[in-house]
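A.B. asks: Please find the sequence and the predicted model below.
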Amino acid sequence: MCVSDDCVSVITNLQEAVNFLQVELPDRQLRNDFEAKIKDFLYINKNLERKPLQVQRDLVHELYASCLEMLLENASLRERAPGNKQYQWNVRVSLETYVLYALRDVLLKSLSACTAIEDANLNKIIRNLDGIQLSDLRVRSDLQSRVHGGKVELSRLDCFVTVLGKIECLRRTVNYVSRGTSSSVTSDDLLPVLVFLVVNAGLSNWTAQLCFMRQFRLSTSSAYEADETGFLITSLEAAIMHIKSGVIYGEEKCANNLEKYGQLMNKSERSSVGYLFACIKNGNLSEVKRILTYDGSNQVNDVTLCHPLCTCASCERNWTRQRDLKAYPKDDKGLTPLHVSVLHDQIVIVDHLLDRDTDINAVDSNGMTALHYACIKGHQNILLLLLHANANPAVTDSRGNTPLHLAVDRGHESCVKALLYLSEHMRMPINVSVANDNGDTPLHLAARWGYCAIVDILLEYGASCKITNKKGQSPSMVTYSETIAESLRCNATSSNICHDVALSQRRALAQPRQSVPFQQRRWATLENKSLSHPKSYANAMQHRMMDKLFAAITDGDVCLACYYLGLEVYRERAPGARANLCHHPLCDCERCSAIGEGKLEQRQRQRALTINACNGLGETALHVASATGRTRMVQLLLDAGANVNVTTRPEGRTPLHLACLNDRVDAAKLLLNCATCDVDAKDHNGDTPLHLATVAGNVKSVGLLIRHGACTNVRNLQNRTPLRQAEERLSLVFSANRTGILKILKQNSAQPVSD
């Protein structure tokens with residue numbers, strides 16, 4: 001980064017901070033002294049996570065102060081710093097960013113260990129607010145259309161490892177939400193938006209993130225500095241405190257049930273599904289009994305018609321309402337009276353409905369049964385009642401979640417215990433290691449949200465610690481809690497054979513053996529290769545699937561590519577749009593058949609490929625998307641956790657190599673925006689992305705790499721720098737692009753060579 005005497009650029013990211021220090025401190029010895037001091041700090045404080053938060057803060061501040069003192073001993077800095085406040089700020093924030101980046105592997109992890117209990121409590125509140133809507137928080141109407149983009153931006157907060165990076169992420173989020181509004185956005189307008197974003201961003205260590213930004217602004221004199229950064233941190237803190245307070249629970253959607261109940265008292269509505277559900281929500285058992293035991297023979301007297309044979313819209317609506325209420329009472333979301341009574345904790349009505357032989361395993365439009373909703377709401381008494389009435393504890397919803405998944409996800413420890421204990425003793429054992437459509441087991445969810453007690457319960461019932469989800473993550477990889485990580489490590493290395501034998505015997509007694517379906521036996525006969533060489537056959541099938549995936553990416557078919565990877569493509573539903581529902585349960589028309597087949601396929605689909613799966617050449621989906629410039633696919637893969645620095649086998653090239661070689665500038669921008677992207681990664685020939693872009697004559701890619709701090713003096717195995725290559729190419733073939741590349745490289749060749 002070039003800094004003149006008249007104009008000092010503002011440091012906004014890690015790369016700019018590093019470049020600033022390299023330019024202002026050409027003395028390599030001083031940087032070596034910094035590295036040695038940080039290395040000594042890490043060696044002395046090996047168990048930093050075991051120390052209190054204040055001690056951690058003091059130790060890191062002492063390290064920063066010591067490095068700053070060494071830095072200010074530089075003569076050129078002493079001459080320039082006193083008269084230029086912006087320059088002083090750049091020096092301090094660059095050093096802060098440098099130190100925090102060097103401590104990236106231990107500091108945030110140590111903070112998360114200190115705040116694990118607070119984060120677990122906050123996560124339980126957030127997970128139980130999962131269905132909250134913007135209207136529930138009274139978000140300004142002109143801000144609502146910008147919220148999704150803000151959520152995508154804020155969800156990347158955990159990707160940054162310095163205070164500067166996290167603050168810039170938070171600033172981009174606020175700016176995106178505020179952009180294009182008809183009037184100015186006040187702090188009161190911003191608070192409900194931030195509340196919604198925190199609830200939906202998917203981070204599991206908000207307390208640690210906030211503490212890191214607040215307590216480790218090393219470049220400021222106070223943790224509560226009254227500047228723009230302080231405002232952003234305070235706003236985020238206010239949103240988190242608002243969630244912790246629990247006041248959002250008071251704004252339930254059914255708060256006006258009594259008013260709606262009174263509005264449905266006219267005769268034509270007293271037999272509607274809406275009236276029935278209003279009675280259930282208000283616990284009016286006598287009225288529920290009256291409606292459900294209604295004598296159909298008196299319908300002619302009760303239904304008001306224009307005349308006995310009238311078929312007008314109003315009369316048809318009245319007839320349909322009573323017919324549906326008597327035969328199949330469901331609303332437009334597929335909710336039955338049992339669903340509604342469970343949702344609103346009306347256990348007396350649940351008991352009455354079960355006595356009427358209600359279909360206990362009926363599903364709504366999301367494939368969820370009453371047992372699913374009991375687990376979501378944490379209604380243990382109703383859960384036990386449903387299990388005693390033979391509710392299926394292994395049924396999955398449209399996302400592959402079992403009731404156990406949902407009970408764990410919401411942190412309802414009592415429901416988890418009830419499910420596992422009662423289902424086992426009723427000879428309906430649950431597979432505690434079953435994965436949903438994302439590949440997450442209940443243990444993944446418990447570990448991610450920091451539920452220590454639930455992790456112990458699942459491990460006691462034999463949950464596997466080795467299963468990986470579609471991102472290739474095991475439960476130990478998704479947790480921030482050191483206590484949970486230690487429990488998982490101990491369980492993984494345990495050799496308690498007696499426990500395993502007892503568990504297998506218990507399951508064998510409770511679960512009958514299942515015969516192999518005829519279709520599977522026939523497939524095994526035709527494909528005898530799968531029996532004799534299961535591993536090689538599985539590899540061959542994966543390579544075939546990889547070929548299909550790469551073809552879909554190359555063709556720009558994002559939906560098909562996401563299908564192969566098990567990713568869900570975000571689609572906005574138009575306001576007021578209804579879910580696809582069948583005309584009636586037995587309808588076999590073309591539309592309803594398609595809906596049924598789609599749901600069946602969605603439930604039965606299993607993840608065939610991980611996000612970082614590769615073919616025989618080591619090429620991943622991110623390689624292909626980057627090489628072909630499929631930016632939407634690149635963004636989806638990065639959001640799903642794809643490895644940005646993965647290399648191919650023959651040439652050792654990263655996705656950035658391929659994007660720059662093929663002049664895919666937009667794809668390269670997305671890759672470089674990742675905090676972990678190595679801009680100077682070398683392939684097996686020693687070529688960096690800058691080498692390849694230079695040889696290919698891609699002037700835009702060269703300029704982009706230079707702006708992101710690519711080193712111009714690095715040499716490949718042929719001892720050539722990008723500048724030398726540009727000169728050689730220009731001597732052979734003259735072109736405007738190569739002339740432009742040579743000019744850019746010469747202007748930036750003064751940057752020191754990185755070691």
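C.D. replies: It's in.

A.B. asks: how deep is Gly150 tucked in, by neighbour count?
C.D. replies: When neighbours are counted by other Cβ atoms under 10 Å, Gly150 registers 24. Quick note: C-beta positions are derived from backbone N, CA and C, even for glycine.

A.B. asks: Please tell me I have it right and it contacts Val193.
C.D. replies: Yes - in terms of Cβ atoms under 8 Å, Gly150 counts as a neighbour of Val193; the distance is 7.0 Å.

A.B. asks: anything in contact with each of the two?
C.D. replies: Val177 (Cβ atoms under 8 Å, 6 or more residues apart in numbering).

A.B. asks: give me phi/psi at Cys614?
C.D. replies: Phi and psi for Cys614, reported as degrees, to the nearest 10, are phi -130, psi 160.

A.B. asks: which non-adjacent residue is nearest it?
C.D. replies: Excluding the flanking residues, the one nearest Cys614 by Cβ to Cβ, 6 or more residues apart in numbering is Thr620, at 4.9 Å.

A.B. asks: Next up, the contacts around that neighbour.
C.D. replies: So Thr620 contacts 612-614, 642-643, 646, 655 (Cβ under 8 Å, 6+ apart).

A.B. asks: Could you do Lys109 as well?
C.D. replies: By Cβ under 8 Å, 6+ apart, the neighbours of Lys109 are 49, 480, 482.

A.B. asks: Counting neighbours, which of the contacts of Thr620 comes out on top?
C.D. replies: Going by other Cβ under 10 Å, Pro655 tops the contacts of Thr620 with 35 neighbours.

A.B. asks: Give me the phi and psi angles of that one.
C.D. replies: Dihedral pair for Pro655: phi -60, psi -30, per degrees, to the nearest 10.

A.B. asks: Just to check, it is in contact with Ser626?
C.D. replies: Yes - the pair Pro655 / Ser626 is scored as a contact, 3.8 Å apart, by Cβ under 8 Å.

A.B. asks: between those two, what contacts are shared?
C.D. replies: Taking Cβ under 8 Å, 6+ apart as the criterion, Pro655 and Ser626 both touch 634, 667, 671.

A.B. asks: Number of residues surrounding Ser184?
C.D. replies: 7.

A.B. asks: Equivalent analysis for Thr115, please.
C.D. replies: Neighbour tally, Thr115, other Cβ under 10 Å: 23.

A.B. asks: That one against Gln209, yeah?
C.D. replies: No - between Thr115 and Gln209 there is no contact under Cβ under 8 Å: 9.2 Å.

A.B. asks: Adding secondary structure, distance to Arg410 and pLDDT, write the contacts of Lys109 out as TSV.
C.D. replies: Shown next, in TSV, are these (DSSP: H, G, I helix; E, B strand; the rest coil; distance: Cβ to Cβ, whole Å; pLDDT from 0 to 100):
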residue	secondary structure	distance to Arg410	pLDDT
Glu49	helix	28	80
Tyr480	coil	19	89
Glu482	helix	24	87
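
A.B. asks: Which one of those residues is nearest to Glu237?
C.D. replies: Tyr480 (19.0 Å; Cβ to Cβ).

A.B. asks: Tell me how many other residues crowd the residue nearest to that closest one when sequence neighbours are not counted.
C.D. replies: Closest residue to Tyr480 apart from its sequence neighbours, by Cβ to Cβ, 6+ apart: Ser112 at 3.7 Å. Neighbour count for Ser112, taken as other Cβ under 10 Å: 23.

A.B. asks: what about the nearest residue to Gln346 once chain neighbours are set aside, is that helix, strand or coil?
C.D. replies: Of all residues beyond its chain neighbours, the one nearest Gln346 is Gly283 (5.3 Å), with distances taken as Cβ to Cβ, 6+ apart. Secondary structure state of Gly283, per DSSP: H, G, I helix; E, B strand; the rest coil, is coil.

A.B. asks: got a list of what the spatially most central residue of the chain touches?
C.D. replies: Nearest residue to the geometric centre of the chain (Cα atoms, centre = their mean): Gly202, 4.9 Å. Shown here is Gly202, whose contacts under the criterion Cβ under 8 Å, 6+ apart are Ser155.

A.B. asks: what about it, which SS state?
C.D. replies: Gly202 - assigned by three-state DSSP - is coil.

A.B. asks: And it, how far from His657?
C.D. replies: Distance of Gly202 to His657, given as Cβ to Cβ, to the nearest Å: 30 Å.

A.B. asks: Many thanks, we can stop here.
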